[in-house]
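Enquirer: Provided below for reference: sequence and predicted model.
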Amino acid sequence: MTLAPSVLAADFGRLAAHVRQALEAGAEWLHIDVMDGHFVPNISFGAPVMRGLRSLADEFGVPLDVHLMIEQPERYLEDFADAGAALITVHQEASPHLHRTVQAIKALNCQAGVALNPATPLVALEDIAADLDLVLIMSVNPGFGGQAFIESSVDKVRRCRTLLAGTGSRAAIEVDGGVTPQNAGALLEAGASVLVAGSAVFKGDVAENVAAFQRVQSARGAVYRA
Ligand code: DX5
Ligand code: ZN
């Protein structure tokens, strides 16, 4: 399991210090939610803010995992690659020329991901899956942190795993939205390997919150060993 705390839920007034707590507790990636007020009804932050977290991420050897919830994402790929993105994920719903966009991400030496909104069927990935490093299954409608997890996402992850196997894709499955230690086990069981968590990491005691996710992973390890 890879835990990717969503910086969106951190305290922006002390962003680096708050994010550092998650990294010191053992978070493996940093998830960067970019919103444009068009593709989603909210505005978050852009490449300059992410660039400000780059040295912290480098200090811990943690990749910056960029989730672009923006229209015409191809216009900004270079900015985010330049600001230190290791992975760039675009939305299928925002990218009519998805194949071209995915190739453009790879040409910038970043890993390429595609995200699907809750109502977008998996079949939309069938002809691009083999080219992807990551599939992001949205388990809330994107735009805001702190929303309730859509339970049918677990089954979507399971079906996504089957689709990826059928296309020979080696893409990892990431789940984003309303993820908590309570639903993490089911998501991992269904085939997810990267869990994004905003509120469940940054609200309250960050170290204890990260530890709660780590316990889910250890419990699964124990089941496998038994
Ligand atoms: C939703 C974002 C998520 C969100 C996760 O639009 O893509 O990454 O910040 O936050 P929580 O875990 O609070 O749902
Ligand atoms: Zn996200």
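Expert: Structure's in. What do you need? Numbering: from 1, shown residues only. Ligands and ions are numbered 1, 2, ... in the order given.

Enquirer: surely Glu74 touches Thr101?
Expert: Yes - counting by C-beta atoms under 8 Å, Glu74 does reach Thr101; the two are 5.0 Å apart. All C-beta spots, glycine's among them, are computed from the backbone N, C-alpha and C.

Enquirer: if you count what's nearby, which of those two comes out ahead?
Expert: Shown here are Glu74 and Thr101; by other C-beta atoms under 10 Å, Thr101 has more neighbours (22 against 16).

Enquirer: which element, helix or strand, includes the more buried one?
Expert: Using DSSP states H and E, Thr101 sits within helix 98-107.

Enquirer: please list the residues of this structure that sit near ligand 2.
Expert: Asp33, His67, Asp176 (C-beta under 5 Å from the ion).

Enquirer: check contacts around the residue in the chain that ligand 1 sits nearest to.
Expert: Using C-beta to the nearest ligand atom, Gly198 is the residue of the chain that sits closest to ligand 1, at 2.7 Å. Applying C-beta atoms under 8 Å, 6 or more residues apart in numbering, one finds that Gly198 lies in contact with Pro5, Ser6, Leu8, Ala9, His31, Asp33, Gly145, Gly146.

Enquirer: now intersect those with the helices, please.
Expert: Among the contacts of Gly198, the subset assigned to helices under DSSP state H is empty.

Enquirer: can you tell me which of those has the most neighbours?
Expert: So for the contacts of Gly198 (other C-beta under 10 Å), the most neighbours sit at Pro5, 31 neighbours.

Enquirer: double-check it against Leu30; I have them as touching.
Expert: Yes - between Pro5 and Leu30 there is a contact under C-beta under 8 Å: 6.4 Å.

Enquirer: shared neighbours, the two?
Expert: Val19, Ala22.

Enquirer: close enough to count as contact, Ser139 and Ser153?
Expert: Yes - using C-beta under 8 Å, Ser139 is in contact with Ser153, at 3.7 Å.

Enquirer: now do the shared contacts for the two.
Expert: If you check Ser139 and Ser153 against C-beta under 8 Å, 6+ apart, the residues they both contact are Pro118, Val175, Gly177.
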